[in-house]
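Trainee: Fold the following.
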Amino acid sequence: MEKLFTSVCAFLFLSSANAMDSSVFFDPQDNFLDASVWLLEHRGFLPVPIIITEPAVGNGLGVALVFMSENEDADYKKTHVAGQRFIPPTVTGVIAAGTENGTRFGGAFYVRNWDRDRWRYMGFVMTASANLDFYGLGGFMSSRDLHLQYNLKGWGVYNDLRARVADSNFFLGGRYIYTDMKVEFTGNVAPPNLHPSALDNRNGGLSLLASYDSRNNTMSPESGLLTEYRYYIFDEDLGGNLDYHVQELDLQGFVRASTEWGFAGRWLSKWVDGDAPFYAKPYITMRGIPKLRYQGEVASSLEGEVRYNPHPRWEMSIFGGVGRAGDELKDLESAETANSYGLGFRYLMARLLGFKMGLDFARGPEETTVYIQAGGAWGL
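Mentor: This is a model prediction of the structure:
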């Protein structure tokens, strides 16, 4: 599998370079396939194939073209020097994909840092038509008695801007999210308890966030801690036609025990109150579990990962997690648990950026899923 993955990546890079010297794609330090020079000095693109096996939408294919450029405040040759702050490159990309059940989506994104990582910005615009399954709200009990199919169609924009507090690892900032969505249930058979506003609505929300981020690398972290609390206010005065609040607490930790062994963990919890549409309700978020499968007014998940590096370029991992969803926070104590576990590997695709790519094979309560990962499994 490792040779196959390396061969595929080499083909994608070399075929896109045309007449360019292929040595651009190999690191002179170890002679392994590496995209650092291509991305930073030649402003090249990284083609990321998307093989979708997400149980929520079925199997599918797509591609993302990721363009990276060197941040003027960074010296990537000194990225791994002790005490040297990692400054991510500017990232621009486009994505398009579709699945066998008729789901289609596309979009564009932009990530940039200013003033030596004092300011961080991330934004994207996206349009989608997704065919999904609704299993009810309130966790596991209703999901056994209800199974309806629906189409979620619309578009949205997302903007995240945050600022570093002095020279610390603390950040303060905010997000603005806007979506215009329409829901159609198959056969026009919608759950009787859903309000009509849940079927055709706009969501305009502003989030205030506080974060502590000491990760050594925001793209593929190996050490450090990320703690982030987000409070969303969705309101008619912010562009939507629904009023509700969402809270999120995201804790991620990364530890290197040695050059060969490492550990990582994540605890993610979400709460909602007000007139949130059913598709915006919290759900268990873990590899191996379909998106929106287990929902409630509150959802929480815990994942752990053990990593082993047999070679500086290669990383292997085993991971597992548990999650619960319910109507109220107190319900989580007695709620049934969804479990998932799996195996994964990563290849250090761009050494100067510490950027890794690979695959995760995850088994959930119902089926096995394969994920192509570009960067960390838990996002930025």
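Trainee: And the helices in the stretch 51-200 of the chain?
Mentor: Here the stretch 51-200 of the chain has its helices, by DSSP state H, counting those that start in this stretch, at 140-145.
Trainee: Could you list the low-pLDDT ranges of it?
Mentor: Residue ranges of the stretch 51-200 of the chain with pLDDT under 70: 71-84, 136-146, 189, 192-198.
Trainee: Same check on the stretch 251-380 of the chain?
Mentor: Checking the stretch 251-380 of the chain against pLDDT under 70 turns up 380.
Trainee: please redo it, this time with the cut-off set to 90
Mentor: 274-281, 290-296, 326-336, 350-355, 366-376, 379-380 (pLDDT under 90).
Trainee: got the contact list for stretch 263-271?
Mentor: For stretch 263-271, contacts defined as Cβ atoms under 8 Å, 6 or more residues apart in numbering pick out 221, 246-255, 257, 282, 285, 297-307, 329, 378. Quick note: C-beta positions are derived from backbone N, CA and C, even for glycine.
Trainee: Would you list the buried entries among those?
Mentor: With burial judged by 16 or more other Cβ atoms under 10 Å, the buried subset of the contacts of stretch 263-271 is 221, 246-248, 250-254, 282, 285, 297-305, 307, 378.
Trainee: Tell me which of those fall in strands.
Mentor: 246-248, 250-254, 298-305, 307 (DSSP state E).
Trainee: Around Tyr135, how many other residues sit close by?
Mentor: 20 (other Cβ atoms under 10 Å).
Trainee: Count residues in the vicinity of Ser317, would you?
Mentor: Ser317, neighbours per other Cβ under 10 Å, totals 20.
Trainee: now swap in Leu238 and tell me
Mentor: Leu238 has 16 nearby residues by other Cβ under 10 Å.
Trainee: Skip the chain neighbours and tell me the closest residue to it.
Mentor: Excluding its sequence neighbours, the residue lying closest to Leu238 (Cβ to Cβ, 6 or more residues apart in numbering) is Gly204, at 3.8 Å.
Trainee: pLDDT score for the one you found?
Mentor: Note on Gly204: pLDDT of 93.
Trainee: And the helix or strand containing it, what's buried?
Mentor: Using DSSP states H and E, Gly204 sits in strand 200-213. Under the neighbour-count criterion of 16+ other Cβ under 10 Å, strand 200-213 has Asn201, Arg202, Asn203, Gly204, Gly205, Leu206, Ser207, Leu209, Ser211, Tyr212, Asp213 buried.
Trainee: Show me which pair in these is furthest apart.
Mentor: Farthest apart among these by Cβ to Cβ are Asn201 and Tyr212. That separation is 34.2 Å.
Trainee: What does Leu242 show for phi and psi?
Mentor: Here is the backbone geometry of Leu242 (degrees, to the nearest 10): phi -130, psi 150.
Trainee: Quick check on the closest residue to it other than its chain neighbours: phi, psi?
Mentor: Leaving aside its chain neighbours, Leu242 sits nearest to Asp275 (5.0 Å; criterion: Cβ to Cβ, 6+ apart). The phi and psi values for Asp275, taken as degrees, to the nearest 10, are phi -100, psi 50.
Trainee: how about Phe254, what does it touch?
Mentor: So Phe254 contacts Arg215, Asn216, Pro221, Glu222, Ser223, Gly224, Leu225, Gly262, Phe263, Ala264 (Cβ under 8 Å, 6+ apart).
Trainee: Try it again at 7 Å.
Mentor: Taking Cβ atoms under 7 Å, 6 or more residues apart in numbering, we find Phe254 in contact with Arg215, Pro221, Glu222, Ser223, Gly224, Ala264.
Trainee: in the sheet, who's paired with it?
Mentor: Beta bridges link Phe254 to Gly224, Ala264, judged by DSSP bridges.
Trainee: Distance to Thr99 for the contacts of Phe254 - can I get that in JSON lines?
Mentor: Shown next, in JSON lines, are the contacts of Phe254 (distance: Cβ to Cβ, whole Å):
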{"residue": "Arg215", "distance to Thr99": "32"}
{"residue": "Pro221", "distance to Thr99": "30"}
{"residue": "Glu222", "distance to Thr99": "33"}
{"residue": "Ser223", "distance to Thr99": "36"}
{"residue": "Gly224", "distance to Thr99": "35"}
{"residue": "Ala264", "distance to Thr99": "29"}
